[in-house]
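S.K.: can you look at this prediction? I've put the sequence above it.
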Amino acid sequence: MNTDKGDRTIHILDPATVNKIAAGEVVERPASVVKELVENAIDAGAQTIRIDVLSSKALITGIRVIDNGRGMSPCDALLAFTPHATSKITGIEDLDAIRTLGFRGEALASIAAVSRVTLCTKLHKSGAVSGTRVVVEAGEIKEQGETGTPEGTNILVQNLFFNTPARKKFQKTLGTELAHITGIIEGLALAHPEISVFLNHNGRGVITTEQSSRLLDTIARLFGSTIAQDLVPVEYCNPIVSVSGYISRPAVFRKNANRILISINGRYVSSPPVNAAIIQGYGTLLSKERFPVVFLFLEIDPALVDVNVHPAKKQVRLGPEREICTAVRQAISGALLKSDLIPAAQVPDHPFSPGQSGHRDTRASYDFEPGRADGVSEPALKPTHAGIITTDRQLRQSELPTGILPDASIVPEMDVIGQFGGIYILTSTRSGDLILVDQHAAHERIMYELVSAKRESARRSQELIAPILLHRSARDSAVLRELLPSLAEEGFEIEDFGKDTFLVRAVPVVLGTLEQADLINEIVDDLSREETPRSVSNRERITRIIACHSAIKAGTACTQEQCRRLLQQLRLTHNPFSCPHGRPTMVRFTREQLDAMFKRT
Ligand code: ADP
Ligand code: MG
């Protein structure tokens, strides 16, 4: 064997390089520093944590975290910067009972490897007059000594990534970095309502939470009382896991999963399987591409959770993952089933944006013009004979069974009081609330579920007695041609006749024997307009349009009997509280709200 040094290409890296490489995994960006330092403060039993982010010229220049926790002794303050130095575990078996957020002993070493850290700390109840000050730069101790400092720990991180130029360049815009930091602090603050957290940027307060035993207070502090008031509580327990927290009603939703916050044993983590279980728990109450607002707390025997799968501890591995996900799903669906999901009436503070002054609706409240066509002046429209017949036909169309029994409906029973402005159905519930239903949105929801259900059935097409001939512009024809396969799936039989002419031979059953070109033209108009987000599939778009076009229009006077039928059909839908576009179908005014408005309280 040739051991000549000249052939050697492998060598052991020096400790400084090793630390810098390891640091890259833990300290990905400024927000990672904030996360590690705040986690340390939580582990130190702090009751108050203050985070100051300093920036200049759109770059983060300093991060300071001050806590009133346990503090460190002079020798610990030095040792804390050594890689793999931790007070939290002594061996791997301790991970089975881990209750602290940290355990790797890497964070301070990693942060100090790529920045300049100034630590001031004094041990709690030590009685010592002074504390310890340590300055570490690029992993080397530069200064150490005594200093006057309160009990607890104060860490300042400056010159972040000064010796890793590539990483420094990666600092995104200040706004993005601050958003990441805010997100981290929100998650940590929610997981620990018992701690007061202050986040400041250049001295200005960004987040303030006050020590509270009520999670709802913390949610209100972070996200506003409007959101907090409208949440449904979750409480579920089985021998493996306890699930608690708050979730949004289906009428409140987001376009992404950013507001699904999960904490497992006090650790704020991202968990794709738990996220999926949450969405499943909502079932059909939530349509596709919609995400709820969720604050969920899982308590699991630490022995069943592997926390050591991610250098920045952002994820965990759940031993009995299937059982835990089932529990989450049941917790969510159970909570939704138990609660009343009609959103409370909330008048927006500024219904009209300033640029829109002189809007006719604003004027209508002072300047009442009888006979105006917008319905404001004619609350009680009289149904016409022809109108009654059309509405009856539309209601017959949607009278198909959906499989839900009336007594299992999540909508309370409502008695019709009357109709307002040809659009709102006024109702009262047994519990004495006033509920306003938007008749078009409600019928749209009914039709939408019907069209979706019909899609699977054998006979979804209805042949027209006389086919309809369509002439469209060249541009529209191109759109239509592209959509023919999707339209065929929904039950439209349309033949391309060439020269921008099409022959409609059959339409979906739910549209009835509707032999007017109007509706088809409207559908093509709608589909060629590119308003709907790209993420919505053609099939979904077509379903929504059919639902919209076949639904009872706003401005249609209905008889009491028709209103009653509509409400009954709505109660049989899977997701009665919002229309397919996500607008609410009903809004509730409680007796207390009305009393408050009339100053009766
Ligand atoms: P870990 O948190 O995984 O133990 P760190 O590198 O984050 O590793 O911290 C190393 C040690 O320094 C901790 O175990 C703890 O004993 C001590 N320490 C760090 N931050 C604080 C703090 N804010 N208050 C008290 N002790 C701290
Ligand atoms: Mg730590």
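M.R.: All right, it came through fine. Ligands and ions are numbered 1, 2, ... in the order given.
S.K.: got a list of what Glu36 touches?
M.R.: Under the criterion of CB atoms under 8 Å, 6 or more residues apart in numbering, the contact partners of Glu36 comprise Val26, Val27, Gly102, Ala107, Leu108, Ser110, Ile111, Ala312. Backbone N, C-alpha and C define where each C-beta goes, glycine included.
S.K.: which helix or strand contains the one residue in the stretch 151-300 of the chain that gets nearest to ligand 2?
M.R.: Closest approach between the stretch 151-300 of the chain and ligand 2, counting by CB to the ion: Ile155, at 11.2 Å. Assignment of secondary structure by DSSP states H and E places Ile155 within strand 152-158.
S.K.: list just the nearest of the contacts of Glu36 to Asp76.
M.R.: Leu108 (10.9 Å; CB to CB).
S.K.: and whichever strand or helix holds that closest one, what does it pack against?
M.R.: For Leu108, the host element (DSSP H and E) is helix 107-113. If you count contacts as 3 or more CB pairs under 8 Å, 6 or more residues apart in numbering; DSSP states H and E, helix 107-113 packs onto helix 15-26, helix 30-43.
S.K.: got the buried residues for the next helix or strand after the longest one?
M.R.: Just to be clear, that refers to helix 30-43. Sequence-wise, the next helix or strand beyond helix 30-43 is strand 48-56, with elements assigned using DSSP H and E. Using 16 or more other CB atoms under 10 Å as the burial criterion, the residues of strand 48-56 that qualify are Thr48, Ile49, Arg50, Ile51, Asp52, Val53, Leu54, Ser55.
S.K.: likewise stretch 307-316?
M.R.: Residues of stretch 307-316 classed as buried: Val307, Pro311, Ala312, Lys313, Val316 (neighbour count, 16+ other CB under 10 Å).
S.K.: residues touching the residue of the stretch 151-300 of the chain closest to ligand 2, list them.
M.R.: Applying CB under 8 Å, 6+ apart, we find Ile155 in contact with Leu37, Arg64, Val65, Ile66, Val117, Thr118, Leu119, Cys120.
S.K.: report the separation between it and ligand 1.
M.R.: Distance check for Ile155 against ligand 1: by CB to the nearest ligand atom, to the nearest Å, it reads 7 Å.
S.K.: how about Pro233?
M.R.: Spatial separation of Pro233 from ligand 1 under the definition CB to the nearest ligand atom is 33 Å.
S.K.: the host helix or strand of that residue: how far from the chain's middle?
M.R.: Using DSSP H and E, Pro233 sits in strand 231-237. A distance of 17 Å separates the centroid of the chain from that of strand 231-237, by CA atoms, centre = their mean, to the nearest Å.
S.K.: show me what counts as buried in the first helix or strand past that strand going along the chain.
M.R.: Once strand 231-237 ends, the next helix or strand along the chain (criterion: DSSP H and E) is strand 241-248. Counting neighbours by 16+ other CB under 10 Å, one finds that the buried residues in strand 241-248 are Val241, Val243, Ser244, Gly245, Tyr246, Ile247, Ser248.
S.K.: thought the first one was touching Cys325?
M.R.: Translated: Val241. No: under the contact definition of CB atoms under 8 Å, Val241 does not touch Cys325, with a separation of 9.8 Å.
S.K.: if we can go back for a sec, filter the buried residues of strand 241-248 by proximity to ligand 1?
M.R.: Near ligand 1, judged by CB under 6 Å from any ligand atom, there are no entries from these.
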